[in-house]
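Trainee: Just the structure for this:
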Amino acid sequence: MEGVCKIYEEHLKRRNPNTPTITYDISQLFDFIDQLTDLSCLVYQKSTNTYAPYNKDWIKEKIYVLLRRAAGHSE
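Mentor: The predicted structure is shown next:
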């Protein structure tokens, strides 16, 4: 999920090359994800020894949890 955030941050850096510090909120990140034509995540399922696909809503939920945890550790 960190990789998805990094993709968005790189996108922002390309759009704002002269801005030393770029900030964004989660709604902007989610809008970016929604605008992507195709985004899914393959997650290994140990019980079946296969990979299961997960959609954008699942990815956004995992990112939300990740960022909440990160915000909780920084306070």
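Trainee: So, low pLDDT: which residues of this protein?
Mentor: Applying pLDDT under 70 to the chain flags residues 74-75.
Trainee: residues of the lengthiest helix in the chain that come out buried?
Mentor: Identified as the longest helix of the chain according to DSSP state H is helix 56-74. If you call a residue buried by 16 or more other Cβ atoms under 10 Å, then helix 56-74 has these buried ones: Lys56, Ile59, Lys60, Ile63, Leu67. Quick note: C-beta positions are derived from backbone N, CA and C, even for glycine.
Trainee: which other helices and strands contact that helix?
Mentor: Other elements packing on helix 56-74 under the criterion 3 or more Cβ pairs under 8 Å, 6 or more residues apart in numbering; DSSP states H and E are helix 2-15, helix 26-35, strand 41-45.
Trainee: Could you dump those into a markdown table with distance to His73 added?
Mentor: Shown next, in a markdown table, are these (distance: least, Cβ to Cβ, whole Å):
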| stretch | distance to His73 |
| --- | --- |
| helix 2-15 | 14 |
| helix 26-35 | 16 |
| strand 41-45 | 23 |
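Trainee: Those: which one's closest to Ala71?
Mentor: The closest approach between Ala71 and any of those, judged by Cβ to Cβ, belongs to helix 26-35 at 9.9 Å.
Trainee: Much appreciated, bye for now.
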